[in-house]
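S.K.: take this sequence and fold it.
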Amino acid sequence: MADYPINKIRNFGVIAHIDAGKTTTSERVLFYTGISHKIGEVHEGDTIMDWMEQERERGITITAAATTAYWTPTSHQPSVISHQQTDNKYKLNIIDTPGHIDFTIEVKRSLRVLDGAVVVFDGVAGVEPQSETNWRYADDYQVPRICFINKLDRLGASFERSFQSILGRLSPFAVKLQIPDGHEDQFKGIVDLLTMEYITFEGERGEKVVKSAIPEHLKQEAEKERAVAIEKIVEQDDKAMSDYLEGKEVGLDKLREILRKATIENKIFPVLCGSALKNKGVQLVLDAVAYYLPSPIDIPPTSSVDSKTGQTKLVSADENAPFTALAFKTATDPFVGSLTFFRVYSGKLASGSYVLNTRSGQQERISRIVRLHANQREEIKEIYAGNIAATVGLKDTKTGDTLCDPDNPAVLEGIEVPEPVISLRVEPKTKADQEKMSLALRKLSDEDPTFRIKTDEETAETIISGMGELHLEIIVDRLKREFGVGVSVGRPQVAYKETITGTAEAEGKYIRQSGGRGQYGHVWLRVEPKDRSSGFEFVNAIRGGAIPEEFINPCEKGVREALDKGVVAGFPMVDMKVTLYDGSYHDVDSSEIAFKIASSTALGEAARRAKAILLEPIMKVEIIMPDNFMGEVTGDLASRRGQILSINDRSPLNLKVVDSRVPLSEMFGYATSLRSLTEGRGTFNMEFDHYEPVPNNIAELIKEGKK
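M.R.: Coordinates of the predicted model:
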């Protein structure tokens, strides 16, 4: 029997742009739910959710941390805070995610397994670049969201401006459920528009939620905003709409019921306000999670594919169904070895049982199941549908693998992994570090799918690739601290790609006669360009047995190997279709290796004829600075081949926000340049946007540099 009613479980993540206050909000959640007895602060480096040394030093979240807490909504709490079991107590499985774009995979894989999200916004900046990216990921996975406009105590904060930025840049379906009383140092309390109560937070840590009548100076605004909110809510229900139009009062319970259904269907995004740092509003966010975000049984069943029959079947959150779970994260723990985080979609799992990994086809024994509290673990005997947990010591399970009952094999949809955009050369400092380095790098790449390792065939150097300079800096730091590996690091390199601009055909022949059995392989290939980011496609168009079936696979392998080597400057080729349409073979001399070499040769020749070009990663760059530095900053962007898309004001702070697109190769060391241009007052955010052809003069320099 499950330890907690499934309809009272909420699996949600806290997502936001860097520095919007996710971890500060999460720390308050742990305190108010009784998990911790002291509030950790990011600026003091003593947070529970940011437990890595690198996170505490830099004051940023690097890895998603999971924890479990329990909450009774404030309207049901017999005293100010209650941790006794009640019918209205909810189990919260919470994941605090990073805001920095370099660790975007942590957000992606967390959203893949969560049922809901709390999106935190900075009350001064409103919607920022990473807010948009995270919102898009949540759209991809159809995750219901609650918005929390945080930091209303900061200089220049504006609830209304931030709310308008959500409406304009993210969704027109955002609905205010609260309004603040004052801003900046005058921010005192919150008006709940549904209950029409005025709420303040008293006590040393804001733990006392005090509800009273709305002050006179806020009544008119509250009534106006409530009418707007009620109208948006009742639009989602025909009966409530007709009652409302007839002038009847729609009850609070009915409003919450309609709002919950609309939130789960992504038709409404409730918007709340507060200041986590000043301990105002976080309890009301937890209330909203309980009231409006879905439980595992409120979301549609997950589809899976039966790995035996290939048929699609639905997996519903039923503890009596066969066990099915998705491994969404692996981590290396210095004390217990490998930790695999998983979400149980159906059935139950007991320690000591065996599960099937449908990717590898291997069965693995579950020795221990642990419930996570950031870097602390609590051992449990069983885990049931709808819950998130971790297991210790799985040998061959990676991010995105499905774990299931061996008698009911199923494959759940995996996790899409973005491509790395930057590379570094690393080498061990001593002979003793050599072996340790390769082992440590392998562990880190198992943990983080956006981190890749390869060996340069020409120089035998190790090249590591990732999502940005900070990503690789953290990897190198972890090599030194966690694994005790001394490494020397080269200059960062851009992950260029190659593609073709035209269609061409080429013949590839590999004929060797050396006395006795020879080698014979002969193919004709056609190459065609595809849309940007659409990937590679291999088409077998051989008719009439011109090439026997057993040689088709080697042909594709040869093509893929040639794609990895490129033809312009040795970078991987992307976004093209290769068709194998003719060829010939020899009854005795033909072999797999001969066809592989012939295909590789033909691909290189065809790509050259199809006018192969270089592509470079273009970054989305947002720069925020005082308006008197505008000329210097835009001039500098132009010198970096930047394209300015828009310039906006952020009043009343006299700040300018420049939205631009700049090649990654021009952005190395930009933080230092921006500081010197703006007397240390400018900041910028950068994330990958798309690939674009490199101008000819620069392509020539890249080719020479590569040679």
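S.K.: give me the neighbour count for E632.
M.R.: 15 (other Cβ atoms under 10 Å). Glycine gets a C-beta too; all of them are placed from N, C-alpha and C.
S.K.: just checking, it touches S676?
M.R.: No - counting by Cβ atoms under 8 Å, E632 does not reach S676; the two are 9.5 Å apart.
S.K.: overlap in contacts, these two.
M.R.: Here E632 and S676 have no joint contacts, going by Cβ atoms under 8 Å, 6 or more residues apart in numbering.
S.K.: which stretches of the stretch 151-300 of the chain form helices?
M.R.: Secondary structure of the stretch 151-300 of the chain (DSSP state H, counting those that start in this stretch): helices located at 159-169, 216-234, 238-245, 252-264, 282-292.
S.K.: low-confidence ranges, this protein, go.
M.R.: 1-3, 36-65, 76-87, 99-102, 333-336, 374-376, 457-459, 514-516, 651-653, 706-707 (pLDDT under 70).
S.K.: output the longest strand belonging to it.
M.R.: strand 612-626 (DSSP state E).
S.K.: partner strands of that one, parallel or antiparallel?
M.R.: strand 497-500 (antiparallel), strand 655-663 (antiparallel), strand 683-693 (antiparallel) (DSSP bridges).
S.K.: okay, the second one in CSV with CA atoms only?
M.R.: What follows is strand 655-663, C-alpha atoms only, in CSV (Å, rounded to 0.1, in the frame of the first residue of the first chain):
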residue,chain,number,x,y,z
LEU,A,655,19.0,51.2,-17.8
LYS,A,656,19.1,50.1,-21.4
VAL,A,657,18.5,46.5,-22.4
VAL,A,658,20.1,45.5,-25.8
ASP,A,659,18.9,42.3,-27.4
SER,A,660,21.4,41.1,-30.0
ARG,A,661,22.8,38.1,-31.9
VAL,A,662,26.6,37.6,-31.9
PRO,A,663,28.9,34.8,-33.1
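S.K.: so how far is it off the chain centroid?
M.R.: With Cα atoms, centre = their mean, to the nearest Å as the basis, strand 655-663 stands 23 Å off its chain's centre.
S.K.: report the buried residues of it.
M.R.: Neighbour-count burial for strand 655-663 flags 655-656, 658, 660-663 (criterion: 16 or more other Cβ atoms under 10 Å).
S.K.: next SSE after it?
M.R.: helix 670-677 (DSSP states H and E).
S.K.: helices and strands around that next one, which ones?
M.R.: helix 630-639, strand 683-693 (3 or more Cβ pairs under 8 Å, 6 or more residues apart in numbering; DSSP states H and E).
S.K.: identify the residues contacting it?
M.R.: 623, 625, 629, 632-633, 636, 640, 682-684, 686.
S.K.: which one of these is nearest to K429?
M.R.: M686 (30.7 Å; Cβ to Cβ).
S.K.: what's near enough to touch E419?
M.R.: Contacts of E419 (Cβ under 8 Å, 6+ apart): A495.
S.K.: how far away is the closest residue in space to V694 that isn't next to it in sequence from N697?
M.R.: Nearest non-adjacent residue to V694, counting by Cβ to Cβ, 6 or more residues apart in numbering: L614, 4.2 Å away. Shown here: L614 relative to N697, a distance of 12 Å by Cβ to Cβ, to the nearest Å.
S.K.: ok, T23 next?
M.R.: According to Cβ to Cβ, T23 stands 45 Å off from N697.
S.K.: neighbour-wise, which of those two wins?
M.R.: T23 (29 against 7).
S.K.: give me the phi and psi for that one.
M.R.: Per-residue torsions, T23: phi -70, psi -40 (degrees, to the nearest 10).
S.K.: returning to that earlier point: I'd assumed E498 was in contact with the residue nearest to V694.
M.R.: Yes - contact criterion Cβ under 8 Å: L614 and E498 qualify, at 5.8 Å.
S.K.: intersection of neighbour lists for those two?
M.R.: Common neighbours of L614 and E498 (Cβ under 8 Å, 6+ apart) are 568-569, 571.
S.K.: tell me which of those residues is nearest to Q164?
M.R.: F571 (43.3 Å).
S.K.: ok, back up a step: angle of the longest strand of the chain against helix 670-677?
M.R.: 40 degrees (axes from the mean of the first three to the mean of the last three Cα atoms, to 10 degrees).
S.K.: okay, now the residue nearest to W524 when sequence neighbours are not counted: neighbour count?
M.R.: Of all residues not flanking W524 in the chain, D582 sits nearest, at 3.9 Å (Cβ to Cβ, 6+ apart). If you count neighbours by other Cβ under 10 Å, D582 ends up with 18.
S.K.: ok, D582 - contacts?
M.R.: 523-524, 542, 546.
S.K.: okay, and which of those residues map to strands?
M.R.: 523-524.
S.K.: PyMOL command to pick out the buried ones of the contacts of D582?
M.R.: Listed next is the PyMOL selection for buried residues among those, using 16+ other Cβ under 10 Å:
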select buried, resi 523+524+542
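S.K.: can you lay out the contacts of D582 as a markdown table showing distance to E561?
M.R.: Formatted as a markdown table, these follow (distance: Cβ to Cβ, whole Å):
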| residue | distance to E561 |
| --- | --- |
| V523 | 14 |
| W524 | 18 |
| I542 | 20 |
| A546 | 22 |
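S.K.: beta partners of N150?
M.R.: D122.
S.K.: surely it meets N279?
M.R.: No - judged on Cβ under 8 Å, N150 makes no contact with N279 at a distance of 11.9 Å.
S.K.: the more surrounded of these two?
M.R.: The neighbour count for N150 versus N279, taken as other Cβ under 10 Å, is higher for N150 (31 against 21).
S.K.: ok, the more buried one - contacts?
M.R.: Here N150 is in contact with 20-21, 24-25, 120-123, 274-276 (criterion: Cβ under 8 Å, 6+ apart).
S.K.: what's the burial count for the closest residue to T263 other than its chain neighbours?
M.R.: Nearest residue to T263, sequence neighbours excluded (Cβ to Cβ, 6+ apart): Y292, at 4.4 Å. Neighbours of Y292 under the rule other Cβ under 10 Å: 23.
S.K.: ok, Y292 - contacts?
M.R.: 144, 146, 256, 259-260, 263-264, 270.
S.K.: could you do Q519 as well?
M.R.: Residues counted as contacts of Q519 (Cβ under 8 Å, 6+ apart) are 510-512, 589, 591, 593-594.
S.K.: could you do I297 as well?
M.R.: Contacts of I297 (Cβ under 8 Å, 6+ apart): 6-7, 316-317, 386.
S.K.: thank you, goodbye.
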